[in-house]
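A.B. asks: Predicted model, plus sequence, below.
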Amino acid sequence: MTGQGIKTQDWEAFRAEARRMLEAALDQMQTASDHPWQPVPEDIDARYAIDGMAHGAGAAVDQILSDVMPYHGGNTHPRFWGWVQGSGLPSDMIASVAVAAVNANMGGRDHGANYMERAVVNWTRASMGLPEGASGILVTGTSQATVIAFQAARLRVLSGLRKTGQGGVRLTAYAGEGVHNATLKAVELLGIGSDNLRKVPLVGGQIDCTALAEMVAADKAAGALPFLVVGTAGSVDLGLFDDLNALADAAADLGLWLHVDGAFGAWTRIADEPYRSLSDGIGRADSIALDFHKWMYVGYDCGMALLRDEAEHRAAFAARPSYLEGAERGLAGGEPWFCDYGIDLSRGNRALKVWTALKTYGAAAFGEAITLNCQLAQVMGQQVEAEHRMALAAPVVSNVCVFTARADLPVQAQSDLNAHIAQCLQESGEAVFSTTRVGDVVMLRAAITNHRSRVADVQAAIAAVAREADAG
């Protein structure tokens, strides 16, 4: 046999390159305000092309510094408020180094990382107000968490589901108008079908529980099996919250599983008032989907599915062929295994990012940052109202501010201008707004889930919008 395969020949040289990469990464993170999004070069595909040859760690670091680090998505910048994207933490750097060195498979077995994930699950469970013994698992994000929760909800009403399938049963699920696309994808992936996701009218931005009851009764009369209602903690467009206590009461009366999409809004549970009370009742849910990579700021990707009943959670996924049998002692011990609570057998170590963040900064700091984000959205709303030609789409409730730059223009002209302003400010590096449609108007949208943002950033961004509105 010839060759040596993958081998580090010179560890001292490799250490030097690793240190160079670490210092550059820390520098970029420390000076995040100097690094907004910028368009990628036209030849980026050619730069990234892989020729299959060995060029060494030094060459890899050189190209990462020149061709990777500058062309990021921009969400580390303090004036990035597009979509709902988290901003990352310096503590992620420390956690990522340990994650790479240990390379833990979190599917199961008896090693420390699994105990750390249980600690993260338990802290999150308590933060959300779920009882002791509730179950959870770290996942890629709310989209995957939603699938996990819905599968457990299906199994509650169809006990033989895993063996016989859903068959001819028509399950119906319920969610408010404007529910996040993760819910739609979940019902499609699970074979429930998007036609069976019934959109409940909203009253004051919240699910109308009277209309919900009427829809459930009509569906039962038509031969369907209603099984699930989805409450929203932080809506996509306007950051609105369902009345989760009222929804929990309705779900109990109607025999429905209550799932809460709390992708970002669930974290108001650790904020100060008046924002904490927005998510009152979330602890009454049968399941919650949430993200750490949004409003807990940790690096991508990191979400969680929480389920009230551990037995229902495990029953939906547990499967142990002979090669995965546990043992009383040794590495095959360490029950329970996380592979019995989700889709993946091979799982990366997301828990260490969360644990390191909480260990580094303390839980109170996250509550303060979340509260500040909501306060900044209020400031932005006030700035908009102070500009006589701007107008809010709706009052600011949490951390989302949606507005038009020129309410005095016709609908299509407003839409065109707002889209133009979003693009101009993204390209100039001054601020990142996304857009959304409210009624017939495309509007500017700021979803502030950025721990680096301050009042001065909001003021500068609104001034830039006003400038572009005048120019337009």
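C.D. replies: That came through fine.
A.B. asks: in the helix or strand containing residue 61, what's buried?
C.D. replies: Here residue 61 sits within helix 56-63, counting by DSSP states H and E. Buried residues in helix 56-63, counted by 16 or more other C-beta atoms under 10 Å: 57, 61. Where you see a C-beta, it was placed from the backbone N, CA and C, and this is true even at glycine.
A.B. asks: How far off centre is it?
C.D. replies: 32 Å (C-alpha atoms, centre = their mean, to the nearest Å).
A.B. asks: Need the mean per-residue confidence for that helix.
C.D. replies: The pLDDT scores in helix 56-63 average 96.
A.B. asks: going forward, begin numbering at 37 instead of 1
C.D. replies: I'll keep to 37 as the first residue from here, and by that count the last item is helix 92-99.
A.B. asks: send the alpha carbons of it over as PDB?
C.D. replies: The C-alpha trace of helix 92-99 is given here as PDB (Å, rounded to 0.1, in the frame of the first residue of the first chain):
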ATOM      1  CA  GLY A  92      -2.100  22.900   2.900                       C
ATOM      2  CA  ALA A  93      -3.700  24.700   5.800                       C
ATOM      3  CA  GLY A  94      -1.900  27.900   5.000                       C
ATOM      4  CA  ALA A  95      -3.500  28.100   1.600                       C
ATOM      5  CA  ALA A  96      -6.900  27.300   3.000                       C
ATOM      6  CA  VAL A  97      -6.600  30.100   5.600                       C
ATOM      7  CA  ASP A  98      -5.400  32.500   3.000                       C
ATOM      8  CA  GLN A  99      -8.400  31.900   0.800                       C
END
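A.B. asks: Which elements pack onto that helix?
C.D. replies: helix 47-66 (3 or more C-beta pairs under 8 Å, 6 or more residues apart in numbering; DSSP states H and E).
A.B. asks: Toward the C-terminus, what is the element adjacent to the helix holding residue 97?
C.D. replies: Criterion used, DSSP H and E; the element after helix 92-99 is helix 127-138.
A.B. asks: And the helix or strand hosting residue 462, what's buried?
C.D. replies: According to DSSP H and E, residue 462 maps onto helix 447-464. Buried positions in helix 447-464, judged by neighbour count with 16+ other C-beta under 10 Å: 450, 451, 453, 454, 457, 458, 460, 461, 462.
A.B. asks: Just the CA trace of the next helix or strand after it, in PDB.
C.D. replies: Next along the chain after helix 447-464, taking DSSP H and E as the criterion, comes strand 470-474. Output of strand 470-474 as PDB, limited to C-alpha atoms (Å, rounded to 0.1, in the frame of the first residue of the first chain):
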ATOM      1  CA  SER A 470     -36.400  43.100   4.600                       C
ATOM      2  CA  THR A 471     -39.800  43.700   3.100                       C
ATOM      3  CA  THR A 472     -43.200  42.200   3.600                       C
ATOM      4  CA  ARG A 473     -46.600  42.800   2.200                       C
ATOM      5  CA  VAL A 474     -49.300  44.300   4.400                       C
END
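A.B. asks: Okay, angle between strand 470-474 and helix 447-464 too, please.
C.D. replies: Here the directions of strand 470-474 and helix 447-464 differ by 170 degrees (axes from the mean of the first three to the mean of the last three C-alpha atoms, to 10 degrees).
A.B. asks: Strand 470-474 - contacts with which helices or strands?
C.D. replies: Strand 470-474 packs on helix 447-464, strand 477-483, going by 3+ C-beta pairs under 8 Å, 6+ apart.
A.B. asks: can I get the CA coordinates of the last one in PDB?
C.D. replies: Spelled out, it's strand 477-483. What follows is strand 477-483, C-alpha atoms only, in PDB (Å, rounded to 0.1, in the frame of the first residue of the first chain):
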ATOM      1  CA  VAL A 477     -48.400  47.500   0.100                       C
ATOM      2  CA  VAL A 478     -44.900  46.100   0.100                       C
ATOM      3  CA  MET A 479     -43.400  47.600   3.300                       C
ATOM      4  CA  LEU A 480     -40.100  47.900   5.000                       C
ATOM      5  CA  ARG A 481     -39.700  45.400   7.900                       C
ATOM      6  CA  ALA A 482     -37.200  45.400  10.800                       C
ATOM      7  CA  ALA A 483     -37.100  42.300  13.000                       C
END
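A.B. asks: what about the longest helix in this protein?
C.D. replies: helix 399-422 (DSSP state H).
A.B. asks: In terms of secondary structure, what does that one contact?
C.D. replies: With 3+ C-beta pairs under 8 Å, 6+ apart as the test, helix 399-422 has strand 427-428, strand 436-440, helix 491-507 packed against it.
A.B. asks: Make TSV from those and add distance to residue 319 to it.
C.D. replies: Listed next are the helices and strands packed on helix 399-422 as TSV, based on distance: least, C-beta to C-beta, whole Å:
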stretch	distance to residue 319
strand 427-428	31
strand 436-440	23
helix 491-507	32
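A.B. asks: Highest mean neighbour count out of those?
C.D. replies: strand 436-440 (a mean of 28; mean count of other C-beta atoms under 10 Å).
A.B. asks: which regions of the protein lie under the pLDDT threshold?
C.D. replies: The model of the chain has pLDDT under 70 over residues 37-39.
A.B. asks: domains of it?
C.D. replies: 47-110, 133-397, 400-507 (automatic domain parsing).
A.B. asks: could you dump the ones you listed to CSV with distance to residue 117?
C.D. replies: Formatted as CSV, these follow (distance: least, C-beta to C-beta, whole Å):
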stretch, distance to residue 117
domain 47-110, 10
domain 133-397, 12
domain 400-507, 4
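A.B. asks: Minimum distance to residue 40: which of these has it?
C.D. replies: domain 47-110 (11.3 Å; C-beta to C-beta).
A.B. asks: how long is that closest one end to end?
C.D. replies: 34 Å (C-alpha to C-alpha, to the nearest Å).
A.B. asks: thinking in terms of the whole chain, how far from its middle is it?
C.D. replies: That offset, for domain 47-110, works out to 26 Å (C-alpha atoms, centre = their mean).
A.B. asks: would you list every one of the strands in the stretch 237-386 of the chain?
C.D. replies: 238-239, 242-243, 261-268, 293-297, 323-327, 339-343 (DSSP state E, counting those that start in this stretch).
A.B. asks: now what about the fifth one, what contacts it?
C.D. replies: Under the contact criterion C-beta atoms under 8 Å, 6 or more residues apart in numbering, strand 323-327 has outside partners 122, 160, 164, 166, 177-178, 181-182, 185, 188-189, 218, 293-300, 302-303, 318, 338-344.
A.B. asks: re earlier: now the helix holding residue 97 against helix 47-66, angle please.
C.D. replies: Going by the same axes, to 10 degrees, helix 92-99 makes 20 degrees with helix 47-66.
A.B. asks: Name the residues that touch helix 92-99?
C.D. replies: 49, 50, 53, 54, 56, 57, 60, 83.
A.B. asks: From residue 49, how far out is the closest residue in space to the third one that isn't next to it in sequence?
C.D. replies: What that stands for is residue 53. Once flanking residues are discounted, residue 53 sits nearest to residue 93: 4.2 Å by C-beta to C-beta, 6 or more residues apart in numbering. In this view, residue 93 and residue 49 are 7 Å apart by C-beta to C-beta, to the nearest Å.
A.B. asks: So the spatially closest residue to residue 179 that is not a sequence neighbour: helix, strand or coil?
C.D. replies: In space, and not counting its chain neighbours, residue 179 is closest to residue 218: 4.3 Å by C-beta to C-beta, 6+ apart. Here residue 218 is recorded as helix under DSSP: H, G, I helix; E, B strand; the rest coil.
A.B. asks: That concludes my questions; thank you for your assistance.
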